[in-house]
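Novice: Okay, here's the prediction I keep looking at, along with the sequence it came from:
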Amino acid sequence: MNAPENGLHGSETDQTYARAGFGAAVPRGTAPVLVVVDLTRGFTEPDFPSGADLSAEVEAAGALVRAAHESGAPVVYTAISYTAAEADGDAIAWLRKAPGMRSLRDGSAEVALDPRLERRDTDHLIVKKGASAFHGTSLAALLTGLGADTVLVCGATTSGCVRATAVDAVQSGFNTLVVREACGDRARGPHDAALFDLQAKYADVIGLSEGVELLAKAR
């Protein structure tokens, strides 16, 4: 099993997972769609309570976006955003567990796409209320309509919304690839653990160069 570059990778662990039948390679298709998860200012800038300095990850995601735009591969951005009633009320269970997310309000700076990323009129936007970009949204139908045979996932945070989106992508029937350099988290431990688990069970964790190449070759 080709585990991601992290401290969880070891011979004993590899043997355990190989014996269980995990870590097979994910097929690469010719009609990829790039899903950029929650690279909004509230996550990519350290001055916001929910954020961290994800400058390197945003730069990597930008390279993927440029490759997709040049080849015509679809780009889907996602963002978490709550109405005042949702942010101030008690209707969303997740906000009871993670009350810091209440600052992600409609129209606020936190929910704006990081300005270092190019968003074209032809790009899609999924606004969500939970971790997975699939849960309670039209993303699965959108990917089907776009003719996707492969979904490339990147964004923030690796252990939260990226992981949830990647798991739901494969459960929705899409071959799923997660681009290592374009995923970021608030701490290294959860980031590494999430990539390891994704590689083992749900997706292939790939390098930036392969992600750019796959998008550049999109038909």
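Specialist: Right, received. Where do you want to start?

Novice: ok, then the element right after the lengthiest helix in the chain?
Specialist: The longest helix of the chain (DSSP state H) is helix 55-71. Once helix 55-71 ends, the next helix or strand along the chain (criterion: DSSP states H and E) is strand 75-80.

Novice: Tell me the helix or strand right after that following strand.
Specialist: Past strand 75-80, the next helix or strand by DSSP H and E is helix 84-88.

Novice: Give me the buried positions along stretch 45-52.
Specialist: For stretch 45-52, burial by neighbour count (16 or more other Cβ atoms under 10 Å) applies to E45, F48, S50, G51, A52. Any C-beta I mention is one placed from the backbone N, CA and C, and that applies to glycine too.

Novice: scratch that, stretch 75-84 is what I was asking about
Specialist: Buried-residue list, stretch 75-84, by 16+ other Cβ under 10 Å: V75, V76, Y77, T78, A79, I80, S81, Y82.

Novice: Also stretch 206-213?
Specialist: Buried-residue list, stretch 206-213, by 16+ other Cβ under 10 Å: I206, L208, G211, V212.

Novice: before we move on, the earlier item: name the surrounding residues that touch the longest helix of the chain.
Specialist: 32, 34, 36, 39, 44, 73-75, 114, 116-118, 120, 152, 154-156, 179, 181-184, 208, 211-213, 215-218 (Cβ atoms under 8 Å, 6 or more residues apart in numbering).

Novice: Narrow the residues you listed to those that are buried.
Specialist: Buried, going by 16+ other Cβ under 10 Å: 32, 34, 36, 39, 44, 73-75, 114, 117, 152, 154-156, 179, 181-184, 208, 211-212, 215, 218, out of these.

Novice: what is the rounded mean pLDDT of the longest strand anywhere in the chain?
Specialist: The residue-count maximum for a strand in the chain (DSSP state E) belongs to strand 175-184. Mean pLDDT, computed over strand 175-184, is 98.

Novice: for stretch 199-215, same thing?
Specialist: The model assigns stretch 199-215 a mean pLDDT of 98.

Novice: Do a quick rundown of the strands in the chain.
Specialist: For the chain, the strands defined by DSSP E cover 32-37, 75-80, 124-128, 150-156, 175-184, 204-206.

Novice: and of those strands, who's closest to T13?
Specialist: strand 204-206 (14.9 Å; Cβ to Cβ).

Novice: quick one, what contacts L95?
Specialist: L95 makes contact with Y82, E86, A87, M101, R102, according to Cβ under 8 Å, 6+ apart.

Novice: Just want to check the distance between it and L104.
Specialist: 10 Å (Cβ to Cβ, to the nearest Å).
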